[in-house]
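Enquirer: dropping the sequence and predicted coords here.
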Amino acid sequence: MDQLLESQEKERESVGRRSLSARVRQIPPSGIRKFFDLISSMEDVVSLGVGEPDFVTPWHIREAAIYSLEKGYTMYTSNYGLLELREAVANDLRRRFQVEYDPTCEILITVGVSEGLDLALRAIVDPGDEVIIPDPGYVSYQPCTILAGGAVVPVPTRLEDGFKVRASEIEARVSSRTKAILIGYPNNPTGAILSHSELQAILDVAQRHGLLVISDEIYERLVYDGKHTCFASLPGARDRTILLGGFSKSYAMTGWRIGWAAAPAEIIEGMMKIHQYSALCPPIMGQKAALEALRNGEQQSLAMTREYDRRRRVIVKGLNEIGLPTFEPKGAFYAFPSIATTGLSDDEFAERLLREERVAVVPGTAFGEGGRGHVRCSYATSLNNIQEALRRMRRFVERVRA
């Protein structure tokens, strides 16, 4: 009987594997999920793993959603999203970056920036097209490219360069099959940013080779040194750029799942075609809340950024004092220390740190091969948690090196 049951189980697994598409089989399991599964079964964990603000969405934003429910706003919106929200996004881009978009046809409201990324890639990529992506980068970049039928061409970034991607290294990887360059700055997981001139150099490459640029700027309000440069605002960039943004990080609205995409009308129309058959539209209550965030949330967003900056200084100083060399992040809310001096791989370091000291970090390889030898530490948690995590990490590192 046991042999029969075992045979049936193997057959079910085999059928399941054969049923999956080649694209899905090509995607590895998330390197982050493994550790979150471990955390869920443990107590007294201090988590530096989650890339999510520990702030609650400001009350006036929540209240806008509540009011919309009270007024009976429970219906679909346009597939493009609420026009007044699209207008607010266009006004914000014009006010802060002097870049113009027509809200009626060049802006799409998405189910978070993650959907915007997926839509952008599926709208422009044909089977075999190549997408150049700095490595390490956000965990969704490579899988979404594969799901769209594209081929990922990684460009390693390095600690000694401040994890900045070099335009020359992008150009060295351009081929006859290259369709787009996908960048995300400020960067998750490294916290790196690119200057105006560095972004201009990437634009020059795109223009020379007739490429599109997908610019994920979800962290653009979280910049600590200098001023963020919106890629689409560069001279000549707008018409070859798919600009992605949202509300999750700057307004503590991760669970609301509201993002946006801005691009030339033909590209937005293509993205909307996919969006209308899959998501239809984001929830209207969330769109109303996002509208309130844009209209009246600037001061709270600035206050949160100031607090992240305070935490940033504490965690970077603490990690370096422990002996984990840490590049100073200029944006987002992540530190990306090297753990090479411990003699452990990033997977070993993260798993042992969690089991032995109850501190959660994310292995660098979850974000690509360029993250090998590093771990990501989020400082979007309280200062008390950061200080406690540093104490535990010091104990761990000293024990490992003993």
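Expert: Right, received. Where do you want to start?

Enquirer: mind listing the helices for the protein?
Expert: With DSSP state H as the criterion, the chain has helices at 2-19, 22-26, 33-40, 59-70, 83-97, 112-124, 141-147, 167-171, 196-209, 265-278, 284-296, 298-322, 346-357, 383-401.

Enquirer: the fifth one: how far from the chain's middle?
Expert: Meaning helix 83-97. Per Cα atoms, centre = their mean, to the nearest Å, the displacement of helix 83-97 from the mean C-alpha position of its chain is 22 Å.

Enquirer: before we move on, back to that, nearest to residue 130, of the helices of the chain?
Expert: Ranking the helices of the chain by distance to residue 130, with Cβ to Cβ as the measure, places helix 141-147 first at 8.9 Å. For the C-beta atoms, the positions are set from N, CA and C on the backbone; glycine is no exception.

Enquirer: contacts for that closest one?
Expert: Applying Cβ atoms under 8 Å, 6 or more residues apart in numbering, the set of residues contacting helix 141-147 from outside is 23-24, 26-27, 117-118, 121-122, 125, 131, 133, 151-152, 154, 182, 184, 368.

Enquirer: give me that answer again for 6 Å
Expert: Taking contacts as Cβ atoms under 6 Å, 6 or more residues apart in numbering, the residues outside helix 141-147 that touch it are 23, 26, 27, 117, 118, 121, 131, 133, 152, 182.

Enquirer: so what's the fourth one up against?
Expert: For residue 117, the contact set (Cβ under 6 Å, 6+ apart) comprises residue 144.

Enquirer: now the fifth one
Expert: With Cβ under 6 Å, 6+ apart as the criterion, the residues that contact residue 118 are residue 144.

Enquirer: redo the helices of the chain as a markdown table? Include distance to residue 50.
Expert: Rendered in a markdown table, the data for the helices of the chain read as follows (distance: least, Cβ to Cβ, whole Å):
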| stretch | distance to residue 50 |
| --- | --- |
| helix 2-19 | 30 |
| helix 22-26 | 26 |
| helix 33-40 | 8 |
| helix 59-70 | 21 |
| helix 83-97 | 27 |
| helix 112-124 | 15 |
| helix 141-147 | 19 |
| helix 167-171 | 31 |
| helix 196-209 | 29 |
| helix 265-278 | 26 |
| helix 284-296 | 20 |
| helix 298-322 | 14 |
| helix 346-357 | 13 |
| helix 383-401 | 11 |
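
Enquirer: need the winner for burial among those helices.
Expert: Greatest average neighbour count among the helices of the chain goes to helix 112-124 (a mean of 25), per mean count of other Cβ atoms under 10 Å.

Enquirer: quick one: mean pLDDT for it?
Expert: Over the span of helix 112-124, the pLDDT mean works out to 98.

Enquirer: please apply the same query to stretch 386-394.
Expert: Averaged over stretch 386-394, pLDDT sits at 98.

Enquirer: where's it relative to the chain centroid, distance-wise?
Expert: In terms of Cα atoms, centre = their mean, the centre of stretch 386-394 is set 25 Å apart from its chain centre.

Enquirer: with just CA atoms, put that stretch into PDB.
Expert: Output in PDB follows, covering the C-alpha atoms of stretch 386-394 (Å, rounded to 0.1, in the frame of the first residue of the first chain):
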ATOM      1  CA  ILE A 386      17.500  48.500  14.200                       C
ATOM      2  CA  GLN A 387      19.500  49.000  17.300                       C
ATOM      3  CA  GLU A 388      18.400  45.600  18.700                       C
ATOM      4  CA  ALA A 389      19.200  43.900  15.400                       C
ATOM      5  CA  LEU A 390      22.700  45.500  15.400                       C
ATOM      6  CA  ARG A 391      23.400  44.100  18.900                       C
ATOM      7  CA  ARG A 392      22.400  40.600  17.900                       C
ATOM      8  CA  MET A 393      24.300  40.800  14.600                       C
ATOM      9  CA  ARG A 394      27.500  41.900  16.500                       C
END
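
Enquirer: not counting it itself, show me its contacts.
Expert: Residues outside stretch 386-394 that contact it (Cβ under 6 Å, 6+ apart) are 46, 48, 311, 314, 315, 318, 322, 357, 359, 379.

Enquirer: do you know the pLDDT at the spatially most central residue of the chain?
Expert: When Cα atoms, centre = their mean is applied to the chain, the residue found nearest the centroid is residue 138 (4.8 Å). Residue-level confidence at residue 138 comes out at 96, pLDDT.

Enquirer: again, but for the one 4 residues further on
Expert: If you check residue 142, the pLDDT there is 96.

Enquirer: list phi and psi for the closest residue to residue 329 other than its chain neighbours.
Expert: Residue nearest to residue 329 in three dimensions, not counting chain neighbours: residue 191, with 2.2 Å by Cβ to Cβ, 6 or more residues apart in numbering. Main-chain dihedrals, residue 191, degrees, to the nearest 10: phi 80, psi 10.

Enquirer: residue 191 against residue 332, yeah?
Expert: Yes: proximity of residue 191 to residue 332 meets the contact threshold set by Cβ atoms under 6 Å, at 4.9 Å.

Enquirer: okay, now the domains of this structure?
Expert: Using automatic domain parsing, the domain ranges for the chain come out as 24-53+300-401, 59-296.

Enquirer: how far is the last one from where the chain is centred?
Expert: Distance, stretch centre to chain centre, for domain 59-296: 10 Å (Cα atoms, centre = their mean).

Enquirer: same question for the shortest one.
Expert: From the chain centre to the centre of domain 24-53+300-401 is a distance of 16 Å (Cα atoms, centre = their mean).
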